[in-house]
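[1] Take this sequence and fold it.
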Amino acid sequence: MTDIDLLQVLTESAEFPEDKLQKAKQEHLETGDSLEDIILRHHMIEEDRLLDIKSRAAGVQWVEMPDKIAPSVVNLVPAEFALRHCILPLHQENGSLTVAAVDPSDLQIFDDLRMLTGCEIEVVLTRRKDLLENIERYFGSSIEKMIANLSTSDDETIISSSDDIADLRELAREPTVVNLVNLIIFQAVQENASDIHIEPFEKELKVRYRIDGMLQEIPPPPKHLQPAVISRIKIMSEMDIAERYTPQDGHIRLRMADRELDFRVSTIPTVHGESVVMRILDKTNVLMEISDLGFYPDTLRTFKQALHRTYGIILVTGPTGSGKTTTLYAALNVIKKPSVKIVTIEDPVEYNIEGINQMQVNPKRGLTFANGLRAIVRQDPDIIMVGEIRDFETAEIAIRSALTGHLVFSTLHTNNASGAITRLMDMGVDPYLISSSITCVLAQRLVRVNCPKCKEPYEPDAEMLRMAGFTIPPGTEVYKGAGCEHCHNQGYKGRIGIFELLPITDPIRDLILTRPSANQIHQMAGIRNLREYGWQKVMDDVTSVEEVVRVTQEDEMANMD
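    Okay, the predicted model is just below:
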């Protein structure tokens with residue numbers, strides 16, 4: 001049962017208080033933890049009562065996990081299938097296989113399982129923790145355990161010197177390789193990673209997950225599996241495994257338990273083999289409310305005023321991975337209604353939003369931001385979202401669309417809000433077009449949130465405070481996570497936004513006509529910068545001094561120019 005389905009079931013249930021549901025939803029949005037995990041962690045309801053509610057809603061029974069499952073029953077289901085869909089066969093009788101699952105509503109899984117096993121499938125619910133523990137017990141779903149077994153094995157039949165393409169295809173189908181790749185992906189999804197990095201070096205094959213914006217290593221697979229692992233991913237991504245000396249891009253679509261996932265896959269040749277990065281896009285993510293992104297009330301109020309204008313351009317700026325797209329989606333969700341037509345062009349489409357026409361860039365077919373935007377304008381839209389303004393052509397079309405009565409949303413890669421104005425001028429856009437079309441510019445970063453389980457008062461480095469321009473008021477404590485099992489000893493769990501909003505007022509419009517520097521625009525606007533908003537998060541015990549300094553360094557350097 002997805003988080004969205006569970007939210008709906010609990011909303012309709014008289015057994016679950018509204019205030020607890022809102023609290024659980026808020027924590028889900030802030031941390032990315034599943035709604036069910038949050039509810040059980042905070043003892044908002046007994047797990048057996050929650051299972052009663054879920055089983056009644058799904059029309060299935062819930063059962064206790066048996067002490068032992070016959071190997072003949074376990075072996076009916078391929079390990080890859082069980083791990084991907086988070087299911088476990090319990091027992092078989094008279095041609096019927098009873099299967100425990102986390103999402104009994106996904107009928108496609110059980111249709112596939114019927115074909116795989118030749119049995120009729122009866123689905124039951126059980127305690128989630130018991131199910132996951134038993135899946136690990138019977139299918140070995142721990143990467144550490146699998147890699148440890150591989151590392152102690154003398155079987156190195158999968159050798160790194162194989163150049164034959166037929167051999168590589170065969171090796172990529174080996175159960176060991178298939179399971180290892182699936183486990184790497186499965187664990188990344190379980191840990192809410194945004195990217196998987198698989199990097200070949202002279203003596204090892206590194207695997208790292210990007211979690212909350214930071215890379216974290218996991219135990220490396222044996223080096224001799226490198227060609228087979230890379231080939232397996234390339235086959236899944238529909239890449240050419242014979243081509244190993246030029247970059248390639250591919251795409252994987254998977255469904256894991258109750259989550260629909262897309263992976264954008266990129267390979268590049270390096271000295272020691274092909275390096276692979278897999279960007280994880282969760283299509284079933286709950287769309288965040290704009291009030292949950294981390295805005296302070298004054299900034300949010302001004303931003304919402306801009307959203308309700310009928311024309312003009314609203315720009316969101318920041319580096320890759322700073323949450324720009326999430327903010328744009330949340331903004332569109334505020335203003336969408338049946339009387340308004342919204343069309344987007346994106347690369348890629350990261351969330352599916354009901355009621356909005358979404359188009360994905362496809363350069364191989366000639367669909368770029370520029371010519372896609374031209375086509376959108378002919379679709380009689382009220383609101384347009386352009387995933388990113390990358391060149392003069394796209395910028396000019398977007399600006400002219402705004403000047404002809406459309407509300408346009410887009411993103412730019414700049415360090416701060418005022419830098420977006422100078423970036424457009426650098427692209428060749430005339431200052432008078434910028435001045436007359438831009439409504440506001442929002443710059444943002446994502447700071448990691450102190451882990452609620454292990455945060456504690458601490459003394460920040462005095463030199464860091466001085467260089468950052470921070471002063472801690474007497475008697476005030478600031479906090480930082482010490483590191484615990486809940487946050488994988490990182491001290492942080494989840495991320496939240498800090499925002500700098502630049503409204504384009506009449507004085508700013510006049511200034512733009514003189515081709516000012518970004519610093520001149522910022523000084524005339526008299527607004528707080530990203531670091532100052534970050535410091536407010538420190539004072540609110542949300543994050544640490546070090547984290548704010550880390551994510552705002554580029555912004556501060558830009559302001560000094």
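
[2] would residue 439 count as being in a helix?
    No: secondary structure of residue 439 (DSSP: H, G, I helix; E, B strand; the rest coil): strand, not part of a helix.

[3] now it, nearest residue through space, not along the chain?
    What sits nearest to residue 439 in space, not counting adjacent residues and going by C-beta to C-beta, 6 or more residues apart in numbering, is residue 312, at 3.6 Å. All C-beta spots, glycine's among them, are computed from the backbone N, C-alpha and C.

[4] thought the one you found was touching residue 435?
    No: between residue 312 and residue 435 there is no contact under C-beta atoms under 8 Å: 11.5 Å.

[5] Pull the contacting residues for the residue nearest the centre of the chain.
    Closest to where the C-alpha atoms of the chain average out (C-alpha atoms, centre = their mean) is residue 194, at 4.9 Å. Contacts for residue 194 (C-beta atoms under 8 Å, 6 or more residues apart in numbering) come out as 210-211, 213, 279-280, 321.

[6] can you tell me which of those are in strands?
    210-211, 279-280 (DSSP state E).

[7] In those, find the pair that's most separated.
    Pairwise distances across the ones in strands among the contacts of residue 194 peak at 13.5 Å for 211 and 279 (criterion: C-beta to C-beta).

[8] Look up phi and psi at the residue nearest to the centre of the chain.
    Torsion angles at residue 194 (phi, psi; degrees, to the nearest 10) stand at phi -100, psi -20.

[9] Ok, the one 10 residues further on next?
    Residue 204 has phi and psi values of phi -150, psi 160 when expressed as degrees, to the nearest 10.

[10] For the closest residue in space to residue 399 that isn't next to it in sequence, give me its contacts.
    Leaving aside its sequence neighbours, residue 399 sits nearest to residue 437 (C-beta to C-beta, 6+ apart; 4.5 Å). By C-beta under 8 Å, 6+ apart, residue 437 lies in contact with 312-313, 399, 402-403.

[11] Buried subset of those, written for ChimeraX?
    Entered in ChimeraX, the line below selects the buried ones among those, by 16 or more other C-beta atoms under 10 Å:
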select :312,313,399,402
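
[12] those strands in the stretch 401-550 of the chain, which residues are they?
    407-412, 438-450, 455-458, 478-481, 492-503 (DSSP state E, counting those that start in this stretch).

[13] Relative to the fourth one, what are the paired strands and their orientations?
    If I follow you right, that is strand 478-481. Sheet pairing of strand 478-481 (DSSP bridges) gives strand 455-458 (antiparallel).

[14] Return the set of buried residues in the strand it pairs with.
    By neighbour count with 16+ other C-beta under 10 Å, strand 455-458 contains the buried residues residue 455.

[15] Run through who's touching it.
    For strand 455-458, the external contacting residues (C-beta under 8 Å, 6+ apart) are 477-482, 491, 541, 544.

[16] Looking at those residues, which one is closest to residue 48?
    Of all the contacts of strand 455-458, residue 481 has the smallest distance to residue 48: 32.6 Å, by C-beta to C-beta.

[17] hang on, the closest one packs against residue 454?
    Yes: using C-beta under 8 Å, residue 481 is in contact with residue 454, at 5.0 Å.

[18] Find the residues that touch each one of these two.
    Residues touching both residue 481 and residue 454 (C-beta under 8 Å, 6+ apart) are 487, 491.

[19] Who has more neighbours out of those two?
    residue 481 (25 against 19; other C-beta atoms under 10 Å).

[20] got the contact list for that one?
    Residues in contact with residue 481 (C-beta under 8 Å, 6+ apart) are 450-451, 454-456, 487, 490-493, 544.

[21] what residues are up against the residue lying closest to residue 525 once chain neighbours are set aside?
    In space, and not counting its chain neighbours, residue 525 is closest to residue 502: 5.5 Å by C-beta to C-beta, 6+ apart. Contact analysis of residue 502 by C-beta under 8 Å, 6+ apart lists 417-418, 420, 440-443, 508, 521-522, 525, 527.

[22] Likewise for residue 489?
    Residue 489 makes contact with residue 483, according to C-beta under 8 Å, 6+ apart.

[23] Distance to residue 64 added to the strands of the stretch 401-550 of the chain, as CSV?
    As requested, those are exported to CSV (distance: least, C-beta to C-beta, whole Å):
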stretch, distance to residue 64
strand 407-412, 50
strand 438-450, 36
strand 455-458, 37
strand 478-481, 36
strand 492-503, 31
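
[24] how close does residue 289 get to residue 29?
    In this view, residue 289 and residue 29 are 7 Å apart by C-beta to C-beta, to the nearest Å.

[25] Check residue 397 too.
    Distance of residue 397 to residue 29, given as C-beta to C-beta: 34 Å.

[26] higher neighbour count, those two?
    Ranked by neighbour count (other C-beta under 10 Å), residue 397 and residue 29 place residue 397 first, with 22 against 19.

[27] So residue 121 is in contact with residue 110, correct?
    Yes: with contact defined as C-beta under 8 Å, residue 121 counts as touching residue 110 (4.6 Å).

[28] what's the burial count for the nearest residue to residue 123 once chain neighbours are set aside?
    Using C-beta to C-beta, 6+ apart and skipping residues adjacent in sequence, the residue nearest residue 123 is residue 104, 4.5 Å away. Residues near residue 104, counting by other C-beta under 10 Å, number 24.

[29] Please name the bridge partners of residue 503.
    For residue 503, the beta-bridge partners are residue 440 (DSSP bridges).

[30] burial count for it?
    Neighbour count for residue 503, taken as other C-beta under 10 Å: 17.

[31] who's in contact with it?
    Applying C-beta under 8 Å, 6+ apart, the residues contacting residue 503 are 302, 306, 439-440, 525.

[32] okay, the residues you listed in TSV with distance to residue 61 and neighbour count next?
    Output for these, formatted as TSV (distance: C-beta to C-beta, whole Å; neighbours: other C-beta atoms under 10 Å):
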residue	distance to residue 61	neighbour count
302	53	16
306	52	19
439	55	18
440	54	22
525	62	20
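
[33] Can you tell me which of the residues you listed is closest to residue 200?
    Proximity to residue 200 was ranked across the contacts of residue 503 by C-beta to C-beta; first place goes to residue 440, at 45.1 Å.

[34] any idea how far that closest one is from residue 135?
    Residue 440 sits 49 Å away from residue 135, going by C-beta to C-beta.

[35] Contact partners for residue 498?
    294, 444-447, 530, 533-534, 537, 548, 551-552.

[36] Report the beta-bridge partner residues of it.
    When bridges are called by DSSP bridges, residue 498 pairs up with residue 445.

[37] Could you say which helix or strand holds the closest residue to residue 376 other than its chain neighbours?
    The shortest distance from residue 376 to any non-neighbouring residue, by C-beta to C-beta, 6+ apart, is to residue 343 (4.8 Å). Using DSSP states H and E, residue 343 maps to strand 342-346.
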